[in-house]
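Undergrad: sequence and predicted structure below; questions after.
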Amino acid sequence: MNGDKVSYSRKEAAEALGLEKSTVDRACQAGDLHETHPRIGGKPLAKGVILRTELERWAGDRAA
């Protein structure tokens, strides 16, 4: 993972971990990997982002 990056799209998260995007999609849908929906002007963005710390946690859980 890129240490400078603080958040990832689902596609970027999959690429960073060498996984298929569908794997990340399923993890998000199951609630195992949490997306954050940042707000701009008080309105949440339609697309969520996965924070680097959350991606690292989930990747560590998968490795255990």
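TA: All right, it came through fine.
Undergrad: tell me where the chain has strands.
TA: 7-8, 39-40, 43-44, 50-51 (DSSP state E).
Undergrad: confidence score at residue 36?
TA: With respect to pLDDT, residue 36 scores 95.
Undergrad: which ones are touching it?
TA: Residues near residue 36 by CB atoms under 8 Å, 6 or more residues apart in numbering: 7, 48-51, 54. Every residue, glycine included, has its C-beta placed from N, CA and C.
Undergrad: recalculate using a threshold of 10 Å.
TA: Going by CB atoms under 10 Å, 6 or more residues apart in numbering, residue 36 touches 7, 44-45, 48-51, 54.
Undergrad: identify the bridge partners of residue 8.
TA: Under DSSP bridges, the beta-bridge partners of residue 8 are residue 50.
Undergrad: didn't it look like it was pressed against residue 24?
TA: Yes: taking contacts as CB atoms under 10 Å, residue 8 lies within contact range of residue 24: 9.0 Å.
Undergrad: compare those two (neighbour count), which wins?
TA: residue 24 (25 against 22; other CB atoms under 10 Å).
Undergrad: look up how far residue 56 lies from that one.
TA: Going from residue 24 to residue 56 by CB to CB, to the nearest Å gives 14 Å.
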